[in-house]
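Participant: generate a structure from the sequence data that follows.
(chains A and B)
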Amino acid sequence: MSSDSEEDFVSFGTPLEPLEEDEPLKKPVPLHEQTVKDEKGRYQRFHGAFTGGFSAGYFNTVGTKEGWAPSTFVSSRQQKAEKQQARPEDFMDDEDFGEHGIAPREITTSQEFWSSRRDEVREKARAVNAQNALIPGDTLLEELIAPARLSIGVELLKKMGWKEGQGVGPRVKRKARRQQADGGSRVYGCVLPPAGSEDSQNEDDNDDEEFAPDNVTFAPKDVTPVDFTPKVGVQGLGYRGLDPGLALLGRGGSEHIDLFRPKAETRGLFGDAGRGSRRGGVAGQAFGVGALEDDDEDVYHKDSMSRYDNVLGGEEPGDGLYGWTAPQQYTKKRDKNKDAAYLGKILEGFTLAQKAAEEKTIFPPPSLPRDYRPVHHFRPSLDVSVLSGVSPALAEALRVSTGHMVKEEPQQGGGGGGRHQMDSDQRRTLLGEDTLQGPSSVMELLRPEDRQRLLNLRSSSSKPATPVSHDALRLAGSSAVGGGASSGLQQEALAAWKGVQMSSQTFRPFEKNPSKQARYELYLTRLKQGDRDALEQSLDPAVTEWERSREREEFVRASILYRPTSSSLSSRFTRAKQEEDEDAVEVSRDQEGDVDDKQAAANMKMFGRLTRETFEWHPDKLLCKRFNVPDPHPGSGIVGLPKVKRDKFSVFNFLTATESRETSAPPKPSESGKKSRWDVSDQEKKKSDPLSELLSSARQQTDTKLEQTPVPALPASSSTSSSTSSIRAEVKTEEQTSSNKKKAEEEQQEEEQEEESRPPMDLFKAIFAGSSDEKSSSSSDGESDDEEDVKEDKAPNLFNITCNTSVTSSVTSTVTSTVTYSQQTAVFSSQNSTRQEEEEFGPKLPPPSDKVRGGAASPGEESLRKRSKEKIHKKKNKHRKEKKKKKQKKHKHKAKEQKKKKEEEEEEESDSSEEDGVSTEELLKRLKSVRSHQTR
Amino acid sequence: MAFPQPRPQAPQLPQHLLRTVDCQQGAVRAVRFNADGNYLLSCGSDKSLKLWSVSRGTLLKTYSGHGYEVLDADGSYDNSQLCSCSSDKTVILWDVATGQVTRKLRGHAGKVNCVQFNEEATVILSGSIDGTVRCWDTRSRRFEPIQILDEARDGISSVKVSQHELLTGSVDGRVRRYDLRMGQLHVDFISSPITCVCFSQDGQCTLSSSLDSTVRLLDKSTGEMLGEYTGHKMKGYKLDCCLSSKDTHVLSCSEDGHVYCWDLVEGSLSLKLPVGKAVVQSLSFHPTETCLLTAMEGRVQVWGAEPEETEEDTMAS
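Facilitator: Residues are numbered from 1 along each chain as shown, chains lettered A, B, ... in the order given. From the prediction side, this is the model:
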């Protein structure tokens, strides 16, 4: 390009190098040497097409200002709340903001000053957005629904009173304007682009005449701004697509292109069917003329804008008057048409309702039966009024519910009249049941004075009420009986009382006045006999006439009121069918079988069917869930073993309990303490018995054994040291006490023998107090004095028991050995008592530590001894003297014990045999001495 | 034809003392392996529960919070929790790592003899001297037991859990098996007070030791006695028994200071392991290997099948 042209022209792009003739062709810059620079000459690195291209990141890095961490990421908890809103501009660089970028920044008119001209920049941006939008047509919709935004000029106009749609200029008469329009727009020869204003104007001409009076001036018709529908799609301009209506309706014939009255005037996709000018078959702008068709005039169809629907909402009527300024009635034209049924004149200021008033559904009255006569029959009111104290409504209700107030015909009640008409007493007699005991009326529950007061109240209120019953009044008038007492009532009373069995608990209304009451009762009995003149006969002849009449009245009323069955209230209550059984206790449904059988089976090692028992057991629902097991008994509300209610004081409950207790203490051969592991005990001997032996015999054996040796299984070490034995004796006492607890008859004989030496209450106290204390304060070492005392008492008692049992049983070697143990127990009562405090049920734990000792003494004993010593030391409030004594005893015994140990190791058998010689009397003596020694 | 099965080697017995751990916590009331057998728990009578490494014999953690001597403990399958029970009538759920008390469960009326997790450590079962087994929920915040099994007429001495069964041994001489799946309770009467019950590894048998110095192997389904093991001495103390990891042997503590080991099938005494002079109170068999823990007085001894190269009694401080 020449240099002088530079001044005049604006040049875009990079000019080519001036071509010089002789210059060798420049080598093209190889690809790797080509560089990209931005406007400021900075090199731009290519980051890859998908990672930002040339303009990626912050200063040519792919990162951001903050580095690689995205700025939106906030990790700290404190800043969690603040939200960062990313704008699109955050991701744009200068280039994007530049003139040709996607978001150019230049000085533009602000929105207020926008005219109606299109905002190209915004449209461009919108187009870009449209490409990225989720729904491609999204922005199209936005364009269609453009918010009304007024330019500043429009706003100014509006402030001056202009309304939208109004023409600008002086107001004109309709006629003139039309003429003007007619004259101006008739152009022939050249095709003018169709304009909306023209369309509407033409239409105005057609149908505006009737409502435009001459004296009305109109604002000049404005050229309504036409919102052109944006062209979407890739079809060519003016493409209309296939008109399915035309195609399908098969209208043939050509249509002249009339620009001024285009076909679309009729508004509607389906066109005006009445015209019928089109040819059939598929035809449209996109389709050419088929081979079968002759005419080809319509190939290049001219379109008019009026074909396009550019109005949102309802269809425009077609005249230009549709808008703000149109007269009110015009806008309502269609409604008027709709309400064609209304012919009257509409008042000024009123319009026809758009919505029809809601029609009230009126239900037709029920059709009366043919034989209906509009006469009301009142219920026989004879007796309701009689009960003057009661309101008629209540009386009626009572009558209905009980049937007492109104006496139906007895025949009717007894016969097929139905059970509903019988009262409860009648039913009772029919069923042959006894009368319910107790008060049958509420009145009977009241105190007599209260009752009297009630009665007085009632009689006083009845005075004015009696005349209400016209029936009675009439009868009273006719009857010879003076004083107004109604013979009708008498009849009523007679009917009520006739044939009624006298029950003892009839209400005695005149209790205050015995003679009167007697007379009343006489009257009642007469009534029951069906005596017609019962009243007259029972009245007292000695009193005045006035009194007699009064009494008569009272009697009749009372007899009706207090009919034997008229306890209307009592019939509403029923007596409890069964008493709340507080005596019942819940006992598990499945009782364990006979323990003795099982015991025998276990002894004979016949485990299995005999010793196995299976119960239904309901685990908790949650427990099943936790164990991932389906509920075995779904829907059962029971948890655990199913329970049944049993009599609390049933002997059997206790029997089972004691039985279990008995077995809880293991049956143990008495010689267990002495025998070595390899010794064959009695039990084992028994085991060697043929298994075919009857179970019962085995049971017997165990039974006898139990009786003989109630020594429980306890930590019997092989040595027979005294302390061990003391423990054993102790546990034995426990068992003894438990066996004492049971009231089973088998024990009784034993008890009889025990009686002389046993103070039962002490023993019980000791047991119960001790055990409860233990449970409540197992961790505390404190011990009260009285507890101590109890324990001290206990030892001899226990001893006595064992002694006695030994007496009862035949004196065998085993028993005597037990006795010796118990003796020792007595001696070591102090140990015993201390040990008692931490008595444990079931197997114990081994001692915490154990000094290696010579001899066969088991570790348990040693520790036990130690512990007990410790305990003794701990007890500060103990009597010193006693303690000393005990210690002495202990020392004494220790020596004895050691001696014994040696002996016993060699000759256990002889030991027992040695003891054999001691008679029971001697043992008792010894024990007594020990006891006295202690209690002193 | 497949290769002939390799000749099964004779089951080994844990007869070599690997190490002795002096627990320094009074008498060790119970010693237990954890779920995988790498750690052991020792329950001391000085109210503490201690966690040790089995292989090194070192103390890892001490859990203190009980008010009286700890009687039993168990570890959860995932080693995240421990439970222990004590004479103070409580059951405590511990967090292993922190040593904190997660939950202290009160409700028993007497000292709690035994405690056990269920398979998923969602329930703790504790048996007490008050004759009840209480099922505690570890998941909810409820402090009441889910269910109380009060069928026993005397104290519960031992509780074991298999997948859906609870096995309890009671001093009333009965072994009770609660089958949750069937909703049944099976009671086996074994006249003598039960000290310890076990399931066999195959879940077909139950083992119960009682105070008549007998260990009995019962068929689980019928209650028939499959084997009886005697010779040891168990007369007064609550001592443990167990089965070896492969169900080949029955082991039991004894009051004469030995651990007795019988062949399960033959019932013959195959090993009499001299542990010491006092009562062997508790023992625990490794879940997979031939390894045995015994507790006597204040010491825990680890026994293995083969003597370790560096066999020395490491006294833990």
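Participant: by proximity to chain A, which residue of chain B wins?
Facilitator: Proximity of chain B to chain A (Cβ to the nearest Cβ) peaks at B:Gly236, 1.7 Å away. Backbone N, C-alpha and C define where each C-beta goes, glycine included.
Participant: my read: that residue touches B:Ser210, true?
Facilitator: No: using Cβ atoms under 8 Å, B:Gly236 is not in contact with B:Ser210, being 11.9 Å away.
Participant: one step back: tell me the phi and psi of the residue of chain B closest to chain A?
Facilitator: Per-residue torsions, B:Gly236: phi -130, psi -20 (degrees, to the nearest 10).
Participant: let me know the pLDDT of it.
Facilitator: Here, the pLDDT recorded for B:Gly236 equals 85.
Participant: what about it, how many neighbours?
Facilitator: Applying other Cβ atoms under 10 Å in any protein chain shown, we find 27 residues neighbouring B:Gly236.
Participant: again, but for B:Val171
Facilitator: 29.
Participant: same question for the one 3 residues further on.
Facilitator: Taking other Cβ under 10 Å as the criterion, the count of residues near B:Arg174 is 28.
Participant: contact partners for it?
Facilitator: B:Arg174 makes contact with B:Ala152, B:Arg153, B:Val187, B:Asp188, B:Phe189, B:Ile190, B:Ile194 under the criterion Cβ atoms under 8 Å, 6 or more residues apart in numbering or on different chains.
Participant: measure the fourth one to B:Ala121 for me?
Facilitator: So the one you mean is B:Asp188. Using Cβ to Cβ, to the nearest Å, B:Asp188 is found at 28 Å from B:Ala121.
Participant: between those two, which one's more packed in?
Facilitator: Comparing B:Asp188 with B:Ala121 by neighbour count (other Cβ under 10 Å), the higher total belongs to B:Asp188, at 30 against 22.
Participant: from A:Phe607, how far off is that one?
Facilitator: 7 Å.
Participant: now for these two: what residues contact both?
Facilitator: Joint contacts of B:Asp188 and A:Phe607 (Cβ under 8 Å, 6+ apart) are B:Leu218, B:Gly223.
Participant: quick one: contacts for the closest residue to B:Ser55 other than its chain neighbours?
Facilitator: Closest residue in space to B:Ser55, ignoring its immediate chain neighbours: B:Asn38 at 7.1 Å, by Cβ to Cβ, 6 or more residues apart in numbering or on different chains. Contact analysis of B:Asn38 by Cβ under 8 Å, 6+ apart lists B:Ser53, B:Val54, B:Ser55.
Participant: so what pLDDT did B:Asn38 get?
Facilitator: Value for B:Asn38, per-residue pLDDT: 90.
Participant: likewise for B:His249?
Facilitator: 90.
Participant: check contacts around it.
Facilitator: Residues in contact with B:His249 (Cβ under 8 Å, 6+ apart) are B:Pro11, B:Leu13, B:Leu243, B:Cys261, B:Trp262, B:Asp263, B:Leu264, B:Ser270, B:Leu271.
Participant: which residues does it bridge with?
Facilitator: B:Asp263 (DSSP bridges).
Participant: once you drop chain neighbours, what's closest to B:Gly131?
Facilitator: Per Cβ to Cβ, 6+ apart, closest to B:Gly131 is B:Ala152, 4.6 Å.
Participant: and the contacts of B:His249, which is closest to A:Asp22?
Facilitator: B:Pro11 (106.3 Å; Cβ to Cβ).
Participant: work out for me the element the closest residue to B:Ser254 other than its chain neighbours sits within.
Facilitator: Counting by Cβ to Cβ, 6+ apart, B:Ser254 lies nearest to B:His232, which is 3.7 Å off, once chain neighbours are set aside. Assessed by DSSP states H and E, B:His232 sits outside every helix and strand.
Participant: for A:Leu157, same thing?
Facilitator: Assigned by DSSP H and E, A:Leu157 belongs to helix A:152-159.
Participant: what about that helix, average pLDDT?
Facilitator: 82.
Participant: and stretch A:26-34, by the same measure?
Facilitator: 80.
Participant: and for stretch B:64-76?
Facilitator: The model assigns stretch B:64-76 a mean pLDDT of 91.
Participant: do it and chain A meet at all?
Facilitator: Yes: remark: stretch B:64-76 sits within contact range of chain A at B:Gly67, B:Tyr68, B:Leu71, by Cβ under 8 Å from any Cβ of the partner chain.
Participant: whichever of the contacts of B:His249 end up buried, select them in PyMOL.
Facilitator: Command for PyMOL that selects the buried part of the contacts of B:His249, burial taken from 16 or more other Cβ atoms under 10 Å in any protein chain shown:
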select buried, chain B and resi 11+13+243+261+262+263+264+270
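Participant: which ones are touching the nearest residue to B:Ala35 once chain neighbours are set aside?
Facilitator: Leaving aside its sequence neighbours, B:Ala35 sits nearest to B:Tyr77 (Cβ to Cβ, 6+ apart; 4.9 Å). In this structure, B:Tyr77 makes contact with B:Ala35, B:Phe117, B:Glu119, B:Glu120, B:Ala121, judged by Cβ under 8 Å, 6+ apart.
Participant: in which helix or strand would I find B:Tyr77?
Facilitator: Using DSSP H and E, B:Tyr77 falls outside every helix and strand.
Participant: measure it to B:Thr248 for me?
Facilitator: 24 Å.
Participant: in stretch B:150-160, which residues are buried?
Facilitator: B:Glu151, B:Ala152, B:Arg153, B:Asp154, B:Gly155, B:Ile156, B:Ser157, B:Ser158, B:Val159, B:Lys160.
Participant: want to throw these into CSV with pLDDT?
Facilitator: As requested, the buried residues of stretch B:150-160 are exported to CSV (pLDDT from 0 to 100):
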residue, pLDDT
B:Glu151, 88
B:Ala152, 88
B:Arg153, 86
B:Asp154, 89
B:Gly155, 90
B:Ile156, 91
B:Ser157, 91
B:Ser158, 92
B:Val159, 93
B:Lys160, 92
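Participant: just give the nearest non-adjacent residue to B:Leu207, would you?
Facilitator: B:Cys198 is the one closest to B:Leu207 (Cβ to Cβ, 6+ apart), at 4.2 Å.
Participant: okay, and that neighbour sits in which element?
Facilitator: With DSSP H and E as criterion, B:Cys198 is part of strand B:194-199.
Participant: circling back to that earlier point, out of the contacts of B:His249, who's nearest B:Cys135?
Facilitator: Relative to B:Cys135, and with distances defined as Cβ to Cβ, the nearest of those is B:Leu243, at 24.6 Å.
Participant: partners of that closest one in the sheet?
Facilitator: B:Val250.
Participant: could you do B:Leu49 as well?
Facilitator: Here B:Leu49 sits in beta bridges with B:Cys43, B:Tyr63, going by DSSP bridges.
Participant: again, but for B:Val21
Facilitator: Residues in a beta bridge with B:Val21, per DSSP bridges, are B:Val300.
Participant: assumed B:Arg176 was part of a helix.
Facilitator: No: counting by DSSP: H, G, I helix; E, B strand; the rest coil, B:Arg176 is not part of a helix but strand.
Participant: how many neighbours does A:Lys355 have?
Facilitator: Residues near A:Lys355, counting by other Cβ under 10 Å, number 5.
Participant: three-state assignment of it?
Facilitator: Going by three-state DSSP: A:Lys355 is coil.
Participant: so how far is B:Asp137 from A:Phe627?
Facilitator: A:Phe627 is 11 Å from B:Asp137, by Cβ to Cβ.
Participant: mutual contacts of the two, please.
Facilitator: B:Thr122, B:Val123.
Participant: sorry, back to before: okay, and which of the residues of stretch B:64-76 next to chain A map to helices?
Facilitator: Among those, no member falls in helices (criterion: DSSP state H).
Participant: can you pull the poorly scored residue ranges out of the stretch 701-850 of chain A?
Facilitator: Residue ranges of the stretch 701-850 of chain A with pLDDT under 70: A:701-843, A:848-850.
Participant: how about the residues of the stretch 201-317 of chain B by chain A?
Facilitator: Residues of the stretch 201-317 of chain B lying near chain A (Cβ under 8 Å from any Cβ): B:211-213, B:216, B:218-219, B:222-225, B:228, B:230-231, B:233, B:235-239, B:255, B:277-279, B:281, B:297-298.
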